[in-house]
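**Q** I'll drop the sequence and a predicted model, then ask my questions.
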Amino acid sequence: MLFKKDYSKYTDEDLMRSFVEGDRKAFEQIYDRYEAFMVNFFYRKLWNDRIKAEDFAHDLFTKIVDKPESFDLNRNFKTWLFSVANNMCKNEYKKQEVRKNTAYDVPEGVEAKDATRAPDTEVDAGNFNEQLKIELSKLNDKHREVFMLRHFDGLSLNEIAETLEINAGTVKSRLHHATKTLAEKLAVFRKTMI
Amino acid sequence: MIKEAENIILNKEYFELTKEELAAVSELVQNAEEYDEMKWFLLSSQEALAGDKISPTPELRDKVMAHLHQDEGKRRFWLNGVIPFLLPEDKKFYQKPAFHVGMAALVVVGIFIFSPAQIKDDSVAMNDRGGADKEFGVVEEHMVADEDIIENEEALAQELTVAANEDADVIEAPIVEEAEIIEDDEVVSPMYDGYYEGDLTVDDLEKIERSKTDTRKDFDANTVATGSGNNLTTTTNSNSANNAPATIIDATDNELLNVEQKDDKPGNLAKQQKDKSNRDKKKDRFAKKAEVNQNADIILAEDDQVFGGAYQPSADSTNFDFNYKSEVAEKELLDGKLKEKSEIKPYSMHVNETKELKKLFTVFK
């Protein structure tokens, strides 16, 4: 080969096609693109546990290395990757459910829903980030998931719909509901922050 | 494609929005103030969430790349996949394949343990021979079996031969009896029986003549069907499949029709003589009846003459003689016809005869 391939110009699907045909460099390119996404996704979903997030990310990528043919080349790679990661998290939730019934310890990163503070205390804290987390935790799981996929993971509405395997309209309504709710509750910070 | 209101809010000011964009953001915000609040919230939340992101460690990349560049043989050691497959951690015990395999094995073993060891069925043959004579036993059994088969075949052939001979005897006898029946049931004119009391008309004579010809035709046809020409030869080979001797029964038309020649039994001769005498008596009775009828006609003619009826005395003698002569001639003719008719076999009787013959022959087929 006289010229090196410029993998950065390849789409995800083309890279996967090349990897299925035996091009390991193509996989390296894919890994570079989605390593941070996946680690952060697992980090967010698995109670902000960094080690667990990296373990899950490792498992996810080694699965792709072992069975690249499991990816349907007609599908969108990004949504397929997120849906696989989402299913892995669901399995982890089930395991934690079993453990929770036999132990008193709460997984790391999980906060009690009734951990509310007085409004004046919240304002005084002035910590928008913490308040955002609190309000997010108060949200319904479905609404929170859509909001986080949109604003934390950066997925579009259609990508969220494919990842969660739900209707795009449903995603839109859930996202609007979550955004409106959070905006109303965190509007008080605007005056202090500006 | 769904237009994302968040993107519009983040990238544009309220006064820059087109009608379509306004319609898209109207679900989230209704006016410029709300629009600005939403814009601030989205920017702040994105910044806050971005601050929560972590960067993966280089060890993770090294591990994944090491796995990628491993030899495929090392990567896929079959034994490493067996235990995770049989005992997956994320499933309950009854959902694990190892549990299923164990239960299946238990069922199979249970069937072998609880199945009856010995078959206690009287209808099943038992092998009582010991192990010592097993080596030669097989050959001997074959030889004994062959001898038994040969003996059985011979015995069967003898039985079939005897049975066939018996059948042949049985066949011959009824044919003779059938001929007797034909002779005995020879039918004469209804008038000979004494039951017919009226005079026969010309139509009746024609009918009798027709039935006579039909009977002959049928009989000829039957003869052709059962045998060729005068030799009515019927061969019964019912036992040929069993290699038994075939039985051949010969009969001729003459034998069937004139059974008297073939019948040698004294009882039959006496019976035939008796029948003949009966027939003669019937003929005499008929002749007497005819005379009585003639006399009655003459008396009636005389009565007409005396009482001046339709009878004309002028032409009396000649007409009477002529009528009388014609009547006599007619009766003579009738007698001749009846004599002929006495030899006719009725159609129904002939049918019975053929049926009987067919029945006899079909039995041995």
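**A** Arrived safely, thanks for sending. Numbers count the residues shown, from 1 in each chain, chains lettered A, B, ... in the order given.

**Q** What is the neighbour count of residue 48?
**A** Unless you meant another one, I'm taking chain A. 17 (other Cβ atoms under 10 Å in any protein chain shown). In short, each C-beta sits where N, CA and C put it, glycine included.

**Q** Please refer instead to chain B.
**A** 19.

**Q** For it, which non-adjacent residue is closest in space?
**A** A:Asn129 (4.1 Å; Cβ to Cβ, 6 or more residues apart in numbering or on different chains).

**Q** For the one you found, give me its contacts.
**A** B:Ala48, B:Gly51, B:Asp52 (Cβ atoms under 8 Å, 6 or more residues apart in numbering or on different chains).

**Q** name the element it belongs to?
**A** If you go by DSSP states H and E, A:Asn129 is part of helix A:128-138.

**Q** is the helix or strand following that helix anywhere near chain B?
**A** Next helix or strand after helix A:128-138 toward the C-terminus (DSSP H and E): helix A:141-151. Yes. Against chain B, helix A:141-151 shows contacts by Cβ under 8 Å from any Cβ of the partner chain at A:Met148, A:Arg150, A:His151.

**Q** Give me the most central residue, chain A.
**A** Centroid check for chain A by Cα atoms, centre = their mean gives A:Phe41 as the closest residue, at 3.3 Å.

**Q** longest helix in chain A, by residue count?
**A** helix A:77-100 (DSSP state H).

**Q** Now do it: everything it contacts.
**A** A:11-13, A:15-16, A:30, A:34, A:38, A:41-42, A:45-46, A:52, A:56, A:59-60, A:63, A:71-72, A:107, A:149, A:153, A:155, A:159, A:162-165, B:89-90.

**Q** list the buried ones in that helix?
**A** A:77-86, A:88-89, A:92, A:96 (16 or more other Cβ atoms under 10 Å in any protein chain shown).

**Q** Let me have those in CSV, extended by distance to A:His143 and pLDDT.
**A** Below are these laid out as CSV (distance: Cβ to Cβ, whole Å; pLDDT from 0 to 100):
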residue, distance to A:His143, pLDDT
A:Phe77, 27, 93
A:Lys78, 22, 92
A:Thr79, 20, 92
A:Trp80, 24, 94
A:Leu81, 23, 93
A:Phe82, 18, 93
A:Ser83, 19, 93
A:Val84, 23, 93
A:Ala85, 20, 93
A:Asn86, 16, 92
A:Met88, 22, 93
A:Cys89, 17, 93
A:Glu92, 21, 91
A:Gln96, 21, 84
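
**Q** and which of the residues you listed is nearest chain B?
**A** A:Glu92 (8.6 Å; Cβ to the nearest Cβ).

**Q** Is any residue of the host helix or strand of A:Lys180 near chain B?
**A** Element membership for A:Lys180, per DSSP H and E: helix A:168-185. Yes. Legend: contact between helix A:168-185 and chain B by Cβ under 8 Å from any Cβ is shown at A:Ala168, A:Gly169, A:Lys172, A:Leu175, A:His176, A:Thr179, A:Lys180, A:Leu182, A:Ala183.

**Q** which parts of the stretch 51-200 of chain B sit against chain A?
**A** Within the stretch 51-200 of chain B, the residues that sit near chain A (Cβ under 8 Å from any Cβ) are B:51-57, B:59-61, B:63-65, B:67-69, B:75-76, B:89-90.

**Q** Domain-wise, how is the chain divided?
**A** Looking at chain A here, since you left the chain open. A:9-109, A:111-194 (automatic domain parsing).

**Q** not quite, I wanted chain B
**A** Split by automatic domain parsing, chain B gives B:5-51, B:157-364.

**Q** Could you tell me the least trusted of those?
**A** Lowest mean pLDDT within those: domain B:157-364, at a mean of 60.

**Q** for A:Arg75, helix, strand, or coil?
**A** Here A:Arg75 is coil, with the state taken from DSSP: H, G, I helix; E, B strand; the rest coil.

**Q** Distance check, it against A:Ala85.
**A** Separation of A:Arg75 from A:Ala85 (Cβ to Cβ, to the nearest Å): 15 Å.

**Q** quick revisit: what would the contacts of A:Asn129 look like in a markdown table with secondary structure?
**A** Listed next are the contacts of A:Asn129 as a markdown table, based on three-state DSSP:
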| residue | secondary structure |
| --- | --- |
| B:Ala48 | helix |
| B:Gly51 | helix |
| B:Asp52 | coil |
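
**Q** If we only consider those residues, which is nearest to chain A?
**A** B:Ala48 (4.1 Å).

**Q** show me the residues around the closest one that make contact.
**A** A:Phe128, A:Asn129, A:Leu132.

**Q** change it to 10 Å
**A** A:Asn127, A:Phe128, A:Asn129, A:Glu130, A:Gln131, A:Leu132, A:Lys133, A:His151, A:Phe152, A:Leu186 (Cβ atoms under 10 Å, 6 or more residues apart in numbering or on different chains).

**Q** Can you tell me how far the last one is from A:Arg44?
**A** It refers to A:Leu186. Distance from A:Leu186 to A:Arg44, by Cβ to Cβ: 19 Å.

**Q** For chain A, which residues score under the pLDDT cut-off?
**A** Within chain A, the ranges that satisfy pLDDT under 70 run A:1-3, A:100-126, A:191-194.

**Q** 80 instead, please
**A** A:1-5, A:98-127, A:190-194 (pLDDT under 80).

**Q** residues touching A:His143, list them.
**A** A:Leu136, A:Ser173, A:Arg174, A:Leu175, A:His176, A:His177, A:Ala178, A:Thr179, A:Thr181, A:Leu182.
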